[in-house]
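Chemist: everything below, folded, please.
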Amino acid sequence: MRLDLSLYLVTDPELCAAHGVEQTVLAAVRGGVSVVQLRDKRASDAEMIPLARRLKAALAGSGVPLIINDRLEVALASRADGLHIGQDDGEVADARAALGPDAILGLSVQTHEQLARLDAGRLDYLGLGPVFATATKQDHAAPLGVDGLAALAAASPLPTVAIGGLKVEHIEAVRRAGADGLAVVSAICGTPDPEAAARRFSAATATG
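Modeler: As a prediction, the model looks like this:
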C-alpha cells in the first residue's frame with residue numbers, strides 16, 4: 001500500500017465523542033484524510049481490538065492505511081496496516097520482527113539525539129513534534145517550533161509527518177519546513193463536522 005502522509009489523522013476518543021471514533025474516521029476519510037492512526041491511551045487492548053477490526057474493514061479498498069498507536073497486539077489482532085511507536089514503546093527491531101516486512105512502521109522523534117540513534121532500515125516514516133503545544137497529549141516534549149521542525153526534517157533519512165497543535169493555517173509553514181505531511185487530532189476530531197474539516201485541510205494541502 002502506498003504511504004501518503006499528506007493528511008494524517010490521529011484519533012482521540014474524547015474529542016471524537018460527539019460522533020464516535022468510527023464515524024469520525026469515516027467522515028474524515030471522505031474529506032480526504034490519507035492515513036488514519038487509532039490512538040487511545042486509556043482503553044485496554046481487548047477494548048481496542050473490536051474497533052480496530054471494524055475500522056480495518058471499513059477502510060478496505062479506500063487506499064487509506066490503518067495505523068495503530070503503540071499497541072502491537074492490537075495491530076496484529078486487527079491485521080492493521082501498521083504500527084506507530086514512541087521512544088518509550090519498545091524497540092523498533094522487535095516491532096518490525098513481529099509485524100513482518102510489509103507492515104508500515106513509524107516512530108516519534110523529538111530531538112537530534114533520537115534521530116542519530118535511528119534504526120532507519122526498519123522504519124517507514126517519522127513523526128516529528130510537537131511543533132506547537134497541544135492539549136491532546138499531556139506528556140509531550142517541548143515544542144519544536146517551525147525552525148526546529150525544519151532542522152529535524154532536513155536531517156531525517158525517512159519521510160516525515162509533523163504533529164502537534166497544527167491547523168489549516170500552518171500547512172504552508174510545514175511544507176516550507178520540509179515535512180512530507182501533517183498529522184491532525186483536534187482540528188478534525190474536535191469539530192462538529194469532521195468531513196468538512198478534513199476537506200479544508202485536504203484542499204489546502206493540495207494547493208499549499
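Chemist: so Ala52 sits against Ala80, correct?
Modeler: Yes - at 5.9 Å, Ala52 counts as touching Ala80 under the criterion of C-beta atoms under 8 Å. (Glycine included, C-beta is placed from N, CA and C.)
Chemist: which neighbours do these two share?
Modeler: Counting by C-beta atoms under 8 Å, 6 or more residues apart in numbering, the common neighbours of Ala52 and Ala80 are Leu38, Leu66, Ile68, Val74.
Chemist: same list (those) but as CSV, adding pLDDT, distance to Ile188 and secondary structure.
Modeler: CSV is the format used below for the shared contacts of Ala52 and Ala80 (pLDDT from 0 to 100; distance: C-beta to C-beta, whole Å; DSSP: H, G, I helix; E, B strand; the rest coil):
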residue, pLDDT, distance to Ile188, secondary structure
Leu38, 98, 14, strand
Leu66, 98, 16, strand
Ile68, 98, 18, strand
Val74, 98, 22, helix
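Chemist: just curious, which of these is nearest to His170?
Modeler: Relative to His170, the closest of the shared contacts of Ala52 and Ala80 is Leu38; by C-beta to C-beta it sits at 23.6 Å.
Chemist: look up how far Asp81 lies from that closest one.
Modeler: 11 Å (C-beta to C-beta, to the nearest Å).
Chemist: again, but for Pro65
Modeler: 4 Å.
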